[in-house]
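Enquirer: Here you go, sequence then predicted model.
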Amino acid sequence: MSKFADIKIDAAIVRRAARGDARAHEIIYRSFSTPVYSLCLRFTRSPAHAEDLVQETFIEIMRSIGRFRGDAPLGSWIRRIAVSKALMFLRSAWTARSQALAENWDEETAGDAISHGVSRHPDEAMDLDAALADLPSVSRTIVWLHDVEGFTHKEIAKLMGKSESFSKSQLSRAYQRLRPLLASGDTESAAADALRSF
């Protein structure tokens, strides 16, 4: 899982946040805003859209924190909300632009190669970001959810309103697309290893 799993928040702070304590809200926001922003930026490739999604995510978190049961870590719950908000944004953008869900690679516009995150391996991060930016948004999203966030194909399918086979085929096609871009021997494991290092 990504950076969300490394962040620990005391249960007392969560209880205070559920009662509306502004200081507890601030602690949660400061703790999770960076990974939420990073995730949203990777999905949207737009700082302005990512910032909007961070705000939407935290509005939802503060409205819903009273229903957080603590069955899973707070970071997992926040990550799920952020992913949901990012996917809702992508779906609305697809609808507005009347795009198909990346059935034709050649019709996709290549993205920029700006590195949006911090990696323990900056050179690999630059190459990986450039390669991911070249993927259609659906494939990029599935690669990120599966290889970095640790979602299963079943979970991805549920989040995206698609089948498990759709998720698997998009991931396979993404690996095929990444192969020449990353120029390494075993692209599937190289891409997955590089993604997990973020």
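Expert: That came through, no problem.
Enquirer: And the helix or strand hosting Lys154, what's buried?
Expert: Here Lys154 is covered by helix 153-160, with elements defined by DSSP states H and E. Buried residues in helix 153-160, counted by 16 or more other CB atoms under 10 Å: His153, Glu155, Ile156, Ala157, Leu159, Met160. Backbone N, C-alpha and C define where each C-beta goes, glycine included.
Enquirer: Could you do stretch 57-64 as well?
Expert: Going by neighbour count (16+ other CB under 10 Å), the buried part of stretch 57-64 is Thr57, Phe58, Ile61, Met62.
Enquirer: Restricted to helices, list the residues you listed.
Expert: For the buried residues of stretch 57-64, the ones inside helices are Thr57, Phe58, Ile61, Met62, with DSSP state H as the criterion.
Enquirer: Show me which of these is closest to Arg45.
Expert: Thr57 (17.2 Å; CB to CB).
Enquirer: does that closest one really touch Tyr37, like I thought?
Expert: No. Assessed by CB atoms under 8 Å, Thr57 is found out of contact with Tyr37, at 9.2 Å.
Enquirer: would you turn the buried residues of helix 153-160 into TSV with pLDDT and distance to Asp10?
Expert: Converted to TSV, the buried residues of helix 153-160 look like this (pLDDT from 0 to 100; distance: CB to CB, whole Å):
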residue	pLDDT	distance to Asp10
His153	90	34
Glu155	88	28
Ile156	88	31
Ala157	87	35
Leu159	84	29
Met160	84	34
